[in-house]
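K.L.:
Provided below are the primary sequence and the corresponding predicted coordinates.
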Amino acid sequence: KQEVTQIPAALSVPEGENLVLNCSFTDSAIYNLQWFRQDPGKGLTSLLLIQSSQREQTSGRLNASLDKSSGRSTLYIAASQPGDSATYLCAAPEGSARQLTFGSGTQLTVLP
Amino acid sequence: DTGVSQNPRHKITKRGQNVTFRCDPISEHNRLYWYRQTLGQGPEFLTYFQNEAQLEKSRLLSDRFSAERPKGSFSTLEIQRTEQGDSAMYLCASSGSGRMQFFGPGTRLTVL
């Protein structure tokens, strides 16, 4: 059974800082891992999907890495902005399954 | 708007009543997922359709819950005899040939 853990649960940084969000998973036989953003009371916005054959995926100021052997993924946010404040969730399937198992998220606050 | 849509956005009901939610996926997506999210937690998988076939159901989906996707397009999630513990955000997602899931805005259910 896939279990996904995100640490820290909350993070507060000043504007302009680079930061790293961590995600760990127990079943390393995954096809992919996906990162999402969620604003309060809203649905999820897909940020990045990393295939199991990839080690990194980039979109703008976001860079996600995947290390299947250690069961870890990181989301790097460069030059953080107050608009980046949100909860960031990572999710991984169990093996080749389609449904995702989510972590509890990291609540990010970027202070102006 | 070509994203995933969900209706209603909010639903308040009394314990014991039945409720039904609707999800319209991205038009070319053949896979549709339902998740449930409670405060401070990541979404939890409920069920998954490929076209009109319901392929996976979570143990979270008790007998009071039923989901359909009759023509392989929109889907409905019905909860019978609602309980206060059913209060949550119900999220729908869809995916196409790739594995990236795109989420709708969710339906927030409050059971009084």
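P.N.:
Yep, it's here.
K.L.:
what's the closest non-adjacent residue to the residue most central in space within chain B?
P.N.:
Closest residue to the average C-alpha location of chain B: B:W34 at 3.7 Å, with C-alpha atoms, centre = their mean. Nearest residue to B:W34, sequence neighbours excluded (C-beta to C-beta, 6 or more residues apart in numbering or on different chains): B:L46, at 4.3 Å. For every residue, glycine as well, the C-beta is placed using N, CA and C.
K.L.:
Same question for B:T20.
P.N.:
B:E78 (4.6 Å).
K.L.:
Now do the same contact list for the one you found.
P.N.:
Contacts for B:E78 (C-beta atoms under 8 Å, 6 or more residues apart in numbering or on different chains) come out as B:N18, B:V19, B:T20, B:F21, B:F65, B:S66, B:A67, B:E68.
K.L.:
isn't B:E28 right next to B:G98, touching?
P.N.:
No. In this structure, B:E28 is not within contact of B:G98 by C-beta atoms under 8 Å, at 11.3 Å.
K.L.:
in a helix, that's where A:G83 is, yeah?
P.N.:
Yes. With DSSP: H, G, I helix; E, B strand; the rest coil as the criterion, A:G83 is located in a helix.
K.L.:
Let me see the contact set for it.
P.N.:
Per C-beta under 8 Å, 6+ apart, neighbours of A:G83: A:V110.
K.L.:
Could you check how far it is from B:N7?
P.N.:
With distances taken as C-beta to C-beta, to the nearest Å, A:G83 is found 28 Å from B:N7.
K.L.:
Run through the residues of chain B sitting next to chain A.
P.N.:
B:4, B:6, B:31, B:33, B:35, B:40-45, B:48, B:55-56, B:58, B:91, B:93, B:95, B:98-106, B:108 (C-beta under 8 Å from any C-beta of the partner chain).
K.L.:
Give the buried subset of those as a PyMOL selection command.
P.N.:
Restricted to buried positions by 16 or more other C-beta atoms under 10 Å in any protein chain shown, the PyMOL selection for these reads:
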select buried, chain B and resi 4+6+31+33+35+42+43+44+45+48+58+91+93+95+99+101+102+103+104+105+106+108
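K.L.:
Where does B:L32 sit, in terms of helix or strand?
P.N.:
In this structure, B:L32 is located in strand B:31-37 according to DSSP states H and E.
K.L.:
right, quick check: stretch A:85-103 against chain B, any contact?
P.N.:
Yes. Stretch A:85-103 is in contact with chain B by C-beta under 8 Å from any C-beta, via A:L89, A:A91, A:P93, A:A97, A:R98, A:Q99, A:L100, A:T101, A:F102, A:G103.
K.L.:
The chain: strands as residue ranges?
P.N.:
Since no chain was named, I'll use chain A. For chain A, the strands defined by DSSP state E cover A:4-7, A:10-14, A:19-25, A:32-38, A:44-51, A:56-59, A:62-67, A:72-77, A:86-93, A:100-102, A:106-111.
K.L.:
look at chain B instead
P.N.:
Counting by DSSP E, the strands of chain B are B:5-7, B:10-13, B:19-24, B:31-37, B:44-50, B:53-57, B:65-68, B:75-79, B:88-95, B:102-103, B:107-111.
K.L.:
By mean pLDDT, which helix or strand of chain B comes out lowest?
P.N.:
Ranking every helix and strand in chain B by mean pLDDT, DSSP states H and E puts strand B:53-57 at the bottom, with a mean of 92.
K.L.:
and it, how far out from the chain's middle?
P.N.:
Here strand B:53-57 shows a centroid-to-chain-centroid distance of 13 Å under the convention C-alpha atoms, centre = their mean, to the nearest Å.
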